[in-house]
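Asker: Based on what follows, work out the 3D shape:
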Amino acid sequence: MSRIALFHPSFAVSGGAEFLIASQAQALQADGHDLRLVTGGFDAGRWEALLAGIPVATFQKTRHLMDLVMPWDRVGKVKRRSQAALTHLADREIVLAYNYPSSNMLGYLDPPCRKLWQCNEPPRGIHLREANPVLSARVADCGNGYSEDATAAFAARLRSFESSRSKKTVLRGRRDFDIQTVARLDEIFAISEFSRDNAKAIYGRCSDTVVYPVVRFPEGGHQRHGLDRSGLKVLVHSRLEVLKNIDTVIRGFAQFRDQGCPGAELHVVGEGEHRSRLERLAKETLGEKGWHFHGFLPDAELRAVYEACDVFALLPLDEPFGMVFPEAAAKGLLLVGPDHGGPLEILDGGRLGRVCDPFDIEALADAFSAIWAMDDVAVERQRSMAAEACHSRYSEAAVMPMLRSILEGRS
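Answerer: Modelled structure (predicted):
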């Protein structure tokens, strides 16, 4: 088996990429590989148990007295951090980079190993249009009429770069450095067809073999039956940030509840910089009752919230995968997702759950209404079909043969 370094910018937060890497690390360890996690930051209390004893090497930003006189730009900082990481990579046979800028750092370096990049997503802040195709199209279609929070934020970012010569120059430099360093990697592979196609558009190459994330499914499956007929219980579980588009879920849920399901409840789990704004929106659209923001929950409390809900709903924009969808399906929740990106692949084009335009509040309300109108036989059929399909595609047994072929250079 191989000596592999798993190379990721930071394990100081709880995000989808970090959970993906932890699951994949467990699977690679069970396969017998000699693993080392190399990262710029590590929260041991949050991640040590999930990494199952895998050694962790951290590197720090190197500093110099000249930094006080001539601060480094972002490309310069990446180069400096790359040198700090090299000592932890040099004895590995394979280095597997995950999120940007570890892909650039690995391409900039020249360790004597195979250099692979698992493209969770191309850097969306650098390739603004190519890595955000749905948002880009929305901005183009709407002209100056940006009614949704995510569209307005993305449009403002585009305008900021396009109206400033200095910002355009900086962005061009970062794009060029990204493309040049990625060109030096031995192979790129993606976690979804959506990410693969975006990578091909930007870099001109990406393995056709998609290696989905390893999802840890609960033992015994779900124990629920039918729907809670006192009112539909809807769960959102996500970081509370603008691209997750949670404001649309709140508005669509409010419209559904007002149309004839007064006992419906919305449960939002997660933390993020937009929590206060989203809570204000919930109060404005739903009043004082029928909604709950739980924040970050430990496992036992999180399990209880999942067990109390009927539906998992999230409409993220240009999402590369969406681990929460198969996890929710395994726990027996019915699924509502966007009509594009990784979630659309997970929902098999709508066969395994409801999909809708993530900017269409009425369409989301209709999706909730359609679920509420299902009889228990149809509910159980949908639940079982989604859970079985997700398990067959994203379990360790399904994913590892594809990952092995990449690691062994057989893709």
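Asker: Report the buried residues of the helix or strand in which Ser195 is found.
Answerer: Per DSSP states H and E, Ser195 falls inside helix 193-203. Neighbour-count burial for helix 193-203, counted by 16 or more other CB atoms under 10 Å, picks out Glu193, Phe194, Ser195, Arg196, Asn198, Ala199, Lys200, Ile202, Tyr203. C-beta here means a position set from N, CA and C on the backbone, and glycine is covered the same way.
Asker: so what secondary structure elements neighbour the following helix or strand past that helix?
Answerer: Downstream of helix 193-203, the next assigned helix or strand under DSSP H and E is strand 233-237. Strand 233-237 sits against helix 246-258, strand 265-269, helix 299-308, strand 311-313, helix 324-330, with contacts defined as 3 or more CB pairs under 8 Å, 6 or more residues apart in numbering; DSSP states H and E.
Asker: Tell me the one among the buried residues of helix 193-203 nearest to Thr39.
Answerer: Ser195 (21.2 Å; CB to CB).
Asker: For that closest one, list the residues it contacts.
Answerer: Cys119, Asn120, Glu121, Pro122, Pro320, Phe321, Gly342 (CB atoms under 8 Å, 6 or more residues apart in numbering).
Asker: try it again with 6 Å
Answerer: Taking CB atoms under 6 Å, 6 or more residues apart in numbering, we find Ser195 in contact with Cys119, Glu121, Pro320.
Asker: In what element of secondary structure is the second one found?
Answerer: Using DSSP H and E, Glu121 sits in no helix or strand.
Asker: and it, backbone torsions?
Answerer: phi -170, psi 140 (degrees, to the nearest 10).
Asker: Offset the numbering so it begins at 40, please.
Answerer: Sure thing, new numbering starts at 40, so read that last one as Glu160.
Asker: So what's the residue count around it?
Answerer: 24 (other CB atoms under 10 Å).
Asker: hang on, the earlier thing: of the contacts of Ser234, just say which sits nearest to Leu59.
Answerer: Among the contacts of Ser234, Pro359 lies closest to Leu59 (CB to CB), at 10.0 Å.
Asker: Could I get the full set of strands for the stretch 90-239 of the chain?
Answerer: Along the stretch 90-239 of the chain, the stretches classed as strands by DSSP state E, counting those that start in this stretch are 95-97, 133-136, 153-158, 226-229.
Asker: what's the third one packed up against?
Answerer: What that stands for is strand 153-158. strand 133-136, strand 226-229 (3 or more CB pairs under 6 Å, 6 or more residues apart in numbering; DSSP states H and E).
Asker: Show residues contacting that strand.
Answerer: So strand 153-158 is contacted by 133-137, 142, 145, 224-227, 229, 234, 238 (CB under 6 Å, 6+ apart).
Asker: Try it again at 7 Å.
Answerer: Residues outside strand 153-158 that contact it (CB atoms under 7 Å, 6 or more residues apart in numbering) are 132-137, 142, 145-146, 221, 224-230, 234, 238, 245, 250, 445.
Asker: what distance separates the helix holding Ser234 from the centre of its chain?
Answerer: Helix 232-242 has its C-alpha centroid displaced from the chain centroid by 16 Å (CA atoms, centre = their mean, to the nearest Å).
Asker: got it, and stretch 208-225?
Answerer: 23 Å.
Asker: got the helices and strands packed on strand 272-276 as TSV, with mean neighbour count columns?
Answerer: Formatted as TSV, the helices and strands packed on strand 272-276 follow (neighbours: other CB atoms under 10 Å):
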stretch	mean neighbour count
helix 285-297	23
strand 304-308	22
helix 338-347	13
strand 350-352	25
helix 363-369	26
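Asker: want to throw those into CSV with mean pLDDT and distance to Cys429?
Answerer: Below are those laid out as CSV (pLDDT from 0 to 100; distance: least, CB to CB, whole Å):
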stretch, mean pLDDT, distance to Cys429
helix 285-297, 97, 21
strand 304-308, 98, 20
helix 338-347, 94, 15
strand 350-352, 98, 12
helix 363-369, 95, 4
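Asker: right, and those - which one's nearest Glu87?
Answerer: helix 338-347 (15.1 Å).
Asker: which strands and helices sit next to the closest one?
Answerer: strand 272-276, strand 304-308 (3 or more CB pairs under 7 Å, 6 or more residues apart in numbering; DSSP states H and E).
Asker: so what's Pro135 up against?
Answerer: You called it Pro, but residue 135 is Leu. Ile43, Ala44, Leu45, Phe46, Leu155, Gln157.
Asker: Tell me which two of these sit farthest apart.
Answerer: Ala44 and Gln157 (12.6 Å).
Asker: ok, back up a step: need the strands of the stretch 90-239 of the chain in TSV with distance to Lys322 and mean pLDDT, can you?
Answerer: Formatted as TSV, these follow (distance: least, CB to CB, whole Å; pLDDT from 0 to 100):
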stretch	distance to Lys322	mean pLDDT
strand 95-97	42	96
strand 133-136	43	98
strand 153-158	39	98
strand 226-229	40	98
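Asker: how is the protein carved up into domains?
Answerer: 42-171+210-252+435-446, 272-433 (automatic domain parsing).
Asker: mind checking how far Met439 is from Ala229?
Answerer: 17 Å (CB to CB, to the nearest Å).
Asker: now Asp236
Answerer: On the measure of CB to CB, Asp236 and Ala229 end up 8 Å apart.
Asker: and Gly71, how many neighbours?
Answerer: Using other CB under 10 Å, Gly71 has 9 neighbouring residues.
Asker: One more: Phe193?
Answerer: For Phe193, using other CB under 10 Å, the count is 25.
Asker: quick one: contacts for it?
Answerer: Residues counted as contacts of Phe193 (CB under 7 Å, 6+ apart) are Asn171, Leu174, Val178.
Asker: 6 Å - rerun?
Answerer: With CB under 6 Å, 6+ apart, Phe193 has these contacts: Leu174.
Asker: go on, Leu442?
Answerer: Per CB under 6 Å, 6+ apart, neighbours of Leu442: Val250.
Asker: what pLDDT does it get?
Answerer: Per-residue confidence (pLDDT) for Leu442: 96.
Asker: cool, and the one 3 residues further on?
Answerer: According to the model's per-residue confidence, Ile445 sits at a pLDDT of 94.
Asker: Could you check how far the residue nearest to Arg163 when sequence neighbours are not counted is from Ala238?
Answerer: Excluding the flanking residues, the one nearest Arg163 by CB to CB, 6 or more residues apart in numbering is Ala170, at 4.4 Å. For Ala170, the distance to Ala238 equals 9 Å [CB to CB].
Asker: Ala368 now?
Answerer: Distance of Ala368 to Ala238, computed by CB to CB: 26 Å.
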